[in-house]
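K.L.:
Build the 3D model from these lines:
(2 chains)
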Amino acid sequence: MSDAHTMAERAPSAAVVETAEPYRRAWLRRLLQQLGPFLFVLALGAALTAASPFFLTSTNISAVFVQMSVIAIIAVGEVMVIITAGIDLSVSAVVAFSGVMSTMVVTNNHWGIGLGMGLGVLVGGGVGAINGLLVTLVRLPPFIATLGTLSAIGGLALLVTSGQPIAAPTGFDALGDGHVGPIAAPIVVMVIVALIGWFILARTTLGRSAYAIGSSYETARLSGIRVNRVLISVYVLQGLLAGLGGVIVASRVVTGDPAAGANYNLDAIAAAVIGGASLFGGEGTVIGALIGALLMELISNGGDLLNISNFWQDFILGVVIIVAVTYDQVRRRALEKR
Amino acid sequence: MPESKPPGLKRGRGVMVTLLALVAVLSVAACGSSSPSAASSAAAGGSGGGASSASGGSGSGSASHVSGAKYTIAVVPKSVGLFYWGTVHAGALAAAKKLHVNIVWKGTEAETDVSGQVNILQDFITKHVNGIAFAATDAHGLVGTAQAAAKAGVPVVNIDSGLTPQKPPLVATNNIAAAAKAADILAKQIGDKGDVALLPFVPSAATSIQRQQGFEQELKKYPNIHLVAVQYDQSDISTALSEMENILTSHPDLKGVFAANEPGVIGTVHALLERSLVGKVKVVGFDNAPDEVNALKAGQVAALIVQNPFQIGYQGVQETLDLIQHKKVPQSVDTGSTVVTKANMNQPAIHKILVPPTAS
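P.N.:
Sure, this is the predicted structure:
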């Protein structure tokens, strides 16, 4: 405790104090943090159930979870990056590139489908490693580093395909359209990813270190955390997850589309932020990101069911993001005053 | 101590506000950068086919000399290298041979390179070719160039994509008429009654607007057909897939869909496969990309509305020559579109349009 006091004197910020907070109170805080978006999800669900007889059907609920799966998987990685006070803007390009690479080796080079999909995921991890190295060794701001890879990798995806989508053989839909028992495969993958992500953030040194770096880079470094190693690991994880997302997208439509994924960047960031992640670093949870992704998907699913135009859907989503972040800020200020 | 801290990890509201602003800007930029491909697939129609061989170097081109030809006509596409423009080139070459003129085919590498196209056209005006046929990469941006050509006494015809305001004669697909055909064939497929959905692509693209307009207008002729859902797919296959799933959920009695370009068609087909509704919900698509043609063969798509880029190239050269020879030309020519179904796709004339010749 005395350590925390001296630190707080040197850098008096709320986040540093938080590391000294008892675990149970931190847990309560996080719960409170998610309560807003979660209540919003419940309210929206109830409203949609009332408005459309088709909303609360097993087909539609399954469709909603499948449709949110890719954004949720990427948002799990994005929330980790945001916790370190970083950001990854390259995920859009990784989704396109990994989808294109996995379909290309399967279609053109006759790789096995599982092998091709594995390559797609690894390609994403490779881009993540480049991001991590640029952020740590080259010391580029994450925004600039990943903006660079966004453009470069997006260009590569177009280059290797000459801009044309690649059709994959029919078996390629196993991951996107397949089922594990009665549950669609993308949902199963999403749940596994979420569990692993939750475990890493809440139960491992890597996770704790990520929060510490985001709260105060200097303090984390001085207290002996190997910051570069942690940051590179986080960006690689995000890359792998974006690669996995890209493979699922390609699998669902059995096509590697070099123009795919343009909306995933902002959607993943928005999901994390709606779920209470702070772009200042040090805050954010996997469950929050999932709720954020679900909230966004409900808006677009509900919009389609009720035939609300895309223009309104975009507008509503924007308002929700602003309201969610405002709620978060107000809550934070109230806590700081205490 | 300051140097051990990566700049991006600085904390402080100013930095974060800037970052957020940049995220916003970036998202706009991302939309901007995704729309060229959307626009290209829109304008380029059936742009599929990796078989096209793009020639290297920016502003690549080729000249074909016809012995004893009196005139040289420059033909400038939106870009070279795409399947669609290869077919336009083939049409221009056929016209050159028939009409005894020289053709210079030259274009930029990207349909978004407006200034590159302006440069190419200016060079042709300076060289004083006898006439120019070009597809405007930007409806407003090329107006000045067309005026410069007129001033220099070089006759100009627009092919495929025109100008605003449209001064030179235009040879292009009438997208409104083409989409009306889509409405008619869809109505026929579903027996003139039932619920249908429409997937346009980008709300700001002229071709998307025209296809939506043409389809909706024509549909009014069928009082028992109801357009129950309209959603833009942003020329993205997986967006089209999600939207189609949701439409199928809320409209279990849906009888038909008109998907106004390639990604919409492919996304729709996958949604139908997923729900085992292939054949029960009739799909009418636009263009003739290879994956669309395959879906037609497989019976997943009932009909495709196919443009005729060969005619656009052919008539573009023909009209330019007419202008050079001071003949009267119509202000606007519709090169037409063809309704291709599984039943007629193997007729030689139709097959030629579905799988067109390509030159570049």
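K.L.:
In contact with B:Ala182, which residues are there?
P.N.:
By Cβ atoms under 8 Å, 6 or more residues apart in numbering or on different chains, the contact set of B:Ala182 is B:Arg211, B:Gly214, B:Phe215, B:Glu218, B:Phe258, B:Ala260, B:Val284, B:Phe286, B:Ala303, B:Ile305, B:Val339. In short, each C-beta sits where N, CA and C put it, glycine included.
K.L.:
I'd assumed B:Leu186 was in contact with the fifth one.
P.N.:
In other words, B:Phe258. Yes - if you go by Cβ atoms under 8 Å, B:Phe258 and B:Leu186 touch, sitting 5.7 Å apart.
K.L.:
and the two? which has more neighbours close in?
P.N.:
B:Phe258 (31 against 27; other Cβ atoms under 10 Å in any protein chain shown).
K.L.:
ok, the residue lying closest to B:Ala96 once chain neighbours are set aside to B:Ser161 distance?
P.N.:
The spatial neighbour of B:Ala96 that comes closest, neighbours along the chain excluded (Cβ to Cβ, 6 or more residues apart in numbering or on different chains), is B:Ile103 at 4.2 Å. To B:Ser161, B:Ile103 is 19 Å away according to Cβ to Cβ, to the nearest Å.
K.L.:
can you check B:Asp138 too?
P.N.:
9 Å.
K.L.:
out of the two, which sits in the busier spot?
P.N.:
B:Ser161 (23 against 17).
K.L.:
tell me which element whichever residue of the stretch 201-338 of chain A sits closest to chain B falls in.
P.N.:
Nearest residue of the stretch 201-338 of chain A to chain B: A:Asp304, at 3.3 Å (Cβ to the nearest Cβ). In the assignment (DSSP states H and E), A:Asp304 maps to helix A:286-305.
K.L.:
next one: B:Ala149
P.N.:
Going by DSSP H and E, B:Ala149 is in helix B:143-151.
K.L.:
Please identify the buried residues of that helix?
P.N.:
Using 16 or more other Cβ atoms under 10 Å in any protein chain shown as the burial criterion, the residues of helix B:143-151 that qualify are B:Val143, B:Thr145, B:Ala146, B:Ala148, B:Ala149.
K.L.:
Throw the residues you listed into a markdown table and include pLDDT, thanks.
P.N.:
Below are the buried residues of helix B:143-151 laid out as a markdown table (pLDDT from 0 to 100):
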| residue | pLDDT |
| --- | --- |
| B:Val143 | 90 |
| B:Thr145 | 93 |
| B:Ala146 | 94 |
| B:Ala148 | 92 |
| B:Ala149 | 94 |
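K.L.:
Take those and write them to JSON lines, including distance to chain A.
P.N.:
Putting the buried residues of helix B:143-151 into JSON lines (distance: Cβ to the nearest Cβ, whole Å) gives the following:
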{"residue": "B:Val143", "distance to chain A": "28"}
{"residue": "B:Thr145", "distance to chain A": "26"}
{"residue": "B:Ala146", "distance to chain A": "28"}
{"residue": "B:Ala148", "distance to chain A": "31"}
{"residue": "B:Ala149", "distance to chain A": "30"}
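K.L.:
Out of the residues you listed, name the two that are farthest from one another.
P.N.:
B:Val143 and B:Ala149 (11.0 Å; Cβ to Cβ).
K.L.:
Now do the contacts for residue 304.
P.N.:
No chain specified, so I'll use chain A. So A:Asp304 contacts B:Ala229, B:Gln231, B:Ser242, B:Glu243, B:Asn246, B:Ile247, B:Ser250 (Cβ under 8 Å, 6+ apart).
K.L.:
Sorry, I should have been clearer: chain B.
P.N.:
B:Val265, B:Val284, B:Gly285, B:Phe286, B:Asp287, B:Asn288, B:Glu292, B:Val293, B:Leu296, B:Val339, B:Val340, B:Leu354.
K.L.:
ok, 7 Å please
P.N.:
B:Gly285, B:Phe286, B:Asp287, B:Asn288, B:Glu292, B:Leu296, B:Val340 (Cβ atoms under 7 Å, 6 or more residues apart in numbering or on different chains).
K.L.:
just the strands in chain A please.
P.N.:
A:166-167, A:179-180, A:183-184, A:255-256 (DSSP state E).
K.L.:
In a markdown table, list those along with mean neighbour count.
P.N.:
As requested, the strands of chain A are arranged in a markdown table below (neighbours: other Cβ atoms under 10 Å in any protein chain shown):
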| stretch | mean neighbour count |
| --- | --- |
| strand A:166-167 | 20 |
| strand A:179-180 | 11 |
| strand A:183-184 | 16 |
| strand A:255-256 | 30 |
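K.L.:
coming back round to it: contacts for the helix holding B:Ala149?
P.N.:
Counting by Cβ under 7 Å, 6+ apart, B:Val118, B:Leu121, B:Gln122, B:Ile125, B:Ile132, B:Val156, B:Leu163, B:Lys167, B:Pro168 sit against helix B:143-151.
K.L.:
can you do 8 Å?
P.N.:
For helix B:143-151, using Cβ under 8 Å, 6+ apart, the contacting residues are B:118, B:121-122, B:125, B:132, B:155-156, B:158, B:163-165, B:167-168.
K.L.:
after it comes which helix or strand?
P.N.:
Helix B:143-151 is succeeded, C-terminally, by strand B:156-159 (DSSP H and E).
K.L.:
tell me what that next one is packed against?
P.N.:
Packing partners of strand B:156-159 (3 or more Cβ pairs under 8 Å, 6 or more residues apart in numbering or on different chains; DSSP states H and E): strand B:131-134, helix B:143-151, strand B:170-172, helix B:309-324.
K.L.:
Give me the distance from that strand to the chain's centre.
P.N.:
17 Å (Cα atoms, centre = their mean, to the nearest Å).
K.L.:
Pairing partners for that strand, with directions?
P.N.:
Paired neighbours of strand B:156-159 in the sheet (DSSP bridges): strand B:131-134 (parallel), strand B:170-172 (parallel).
K.L.:
Dump those to TSV, plus mean pLDDT.
P.N.:
Output for these, formatted as TSV (pLDDT from 0 to 100):
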stretch	mean pLDDT
strand B:131-134	96
strand B:170-172	94
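K.L.:
Determine which stretch of those is the most buried.
P.N.:
strand B:131-134 (a mean of 28; mean count of other Cβ atoms under 10 Å in any protein chain shown).
K.L.:
ok, the closest residue to A:Val81 other than its chain neighbours to chain B distance?
P.N.:
Nearest residue to A:Val81 in three dimensions, chain neighbours excluded: A:Asp88, at 4.7 Å (Cβ to Cβ, 6+ apart). Per Cβ to the nearest Cβ, to the nearest Å, A:Asp88 is found 11 Å from chain B.
K.L.:
what's the neighbour count on A:Asp88?
P.N.:
A:Asp88 has 32 nearby residues by other Cβ under 10 Å.
K.L.:
Let me see the contact set for it.
P.N.:
A:Gly77, A:Glu78, A:Val81, A:Gly128, A:Asn131, A:Pro142, A:Thr146, A:Tyr235, A:Gln238, A:Ala242.
K.L.:
between those residues, which is closest to chain B?
P.N.:
Of the contacts of A:Asp88, the one sitting nearest to chain B (Cβ to the nearest Cβ) turns out to be A:Pro142, at 4.6 Å.
K.L.:
Go ahead and confirm that closest one touches A:Ile82.
P.N.:
No - contact between A:Pro142 and A:Ile82 fails when scored by Cβ under 8 Å: they sit 9.6 Å apart.
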